[in-house]
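Trainee: Next come a sequence and a model predicted from it.
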Amino acid sequence: MELKLTDNQIISLKNAIENILLFEEIKIKEVFDYHLKNIKTTKENLQEIESLIIDGQKEAEDLFDWSDTPEYFLGLHNLLNKLNNNDFTFDENQMYNLRNVTDIYSRLGQGHIKAFRDVYSNIKNVHIGGFVSVTNIFDKASKITPKIAIQNLEEKYKINYDIYQVIRNHLAWKRKPEGGIHVDFDKPLKYSKEPLPYINVEMPEEPQYKSKRSNKNKGKIKL
């Protein structure tokens, strides 16, 4: 499958992967500062959130002491290498990784700090007890963090959210060709200034997306 992206989409996607890779080095506070340094809240509330983030990072540093790079992060490094080499063909597993990264990145921009735990939940053989402790800290921070609607975010988040929607839609129809009622089957909506990306499977003349409300594209590319 080939993911057709504009130059700005490629840049934004690379930035998203690089940002999520900071979790490999447990640079959680750095990720927080990147996404929420301009968060609109009270000084006291921000101090409480930052204190929780620092506590979460300390807990994570004690929990995630890997001698070998986890498979999840190896997959992200591979995606970044492909993009840097202008290779935009991805297998299904890589598409799932791209969906994961663009989802987490755009959610962090919205203030969903609990997305931090979703990064580490992708790692196998994590100590459950310790992970629950880290999760509780990030969930508490997320509850007191103001949330921002996707349409009010910076362009870099809108671009990644558009990419996420397209991949999510494609994988949903690939997994269940008969469709369903879940939002994954809905036609992607454009939030950024860029045209929606599309997945080139049979070299269609133009982007085509399937929606749960229509079966008119039968026989055409399913996105």
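Mentor: Arrived safely, thanks for sending. Only a predicted model underlies this, so the values are computations on that prediction, with no experimental measurement involved. Numbers count the residues shown, from 1 in each chain.
Trainee: can I have stretch 184-193 written out in PDB, keeping just the CAs?
Mentor: Below are the C-alpha coordinates for stretch 184-193, written out as PDB (Å, rounded to 0.1, in the frame of the first residue of the first chain):
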ATOM      1  CA  ASP A 184     -13.800   4.200  12.000                       C
ATOM      2  CA  PHE A 185     -16.100   3.400   9.000                       C
ATOM      3  CA  ASP A 186     -17.100   7.100   8.500                       C
ATOM      4  CA  LYS A 187     -15.700   9.100   5.700                       C
ATOM      5  CA  PRO A 188     -12.700  11.100   6.800                       C
ATOM      6  CA  LEU A 189     -13.300  14.900   7.400                       C
ATOM      7  CA  LYS A 190     -10.600  17.400   6.400                       C
ATOM      8  CA  TYR A 191      -9.400  19.700   9.200                       C
ATOM      9  CA  SER A 192      -6.000  20.900   7.800                       C
ATOM     10  CA  LYS A 193      -5.300  23.100   4.800                       C
END
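Trainee: Go through that stretch and flag the buried ones.
Mentor: D184, F185, D186, P188, Y191, S192 (16 or more other C-beta atoms under 10 Å). Any C-beta I mention is one placed from the backbone N, CA and C, and that applies to glycine too.
Trainee: of those residues, closest to D7?
Mentor: The shortest gap between D7 and any of the buried residues of stretch 184-193 belongs to S192, at 13.1 Å (C-beta to C-beta).
Trainee: What is the neighbour count of the residue lying closest to that closest one once chain neighbours are set aside?
Mentor: Take S192 and drop its neighbours on the chain: the residue closest to it by C-beta to C-beta, 6 or more residues apart in numbering is K158, 3.8 Å away. When neighbours are counted by other C-beta atoms under 10 Å, K158 registers 21.
Trainee: what sits against K158?
Mentor: By C-beta atoms under 8 Å, 6 or more residues apart in numbering, the residues touching K158 are S106, I150, Q151, Y191, S192, K193.
Trainee: Which strand or helix spans it?
Mentor: Element membership for K158 (DSSP states H and E) is helix 155-175.
Trainee: Figure out how far that helix is from the centre of its chain.
Mentor: Centroid separation for helix 155-175 versus its chain: 9 Å, with C-alpha atoms, centre = their mean, to the nearest Å.
Trainee: How many residues are close by N136?
Mentor: Neighbours of N136 using other C-beta under 10 Å come to 14.
Trainee: Buried residues, the host helix or strand of it. List them.
Mentor: Taking DSSP H and E as the criterion, N136 maps to helix 128-143. Buried residues in helix 128-143, counting neighbours by 16+ other C-beta under 10 Å, are found at F131, S133, V134, T135, I137, F138, K140, A141, S142.
Trainee: and of those, the nearest to L36?
Mentor: Nearest to L36, judged by C-beta to C-beta, of the buried residues of helix 128-143 is A141 at 10.0 Å.
Trainee: Could you check the pLDDT of the spatially closest residue to N160 that is not a sequence neighbour?
Mentor: Closest residue to N160 apart from its sequence neighbours, by C-beta to C-beta, 6+ apart: T102 at 4.4 Å. On pLDDT, T102 comes in at 97.
Trainee: show me the contacts for T102.
Mentor: By C-beta under 8 Å, 6+ apart, the contact set of T102 is L13, A16, N160, Y161, I163, Y164, I167.
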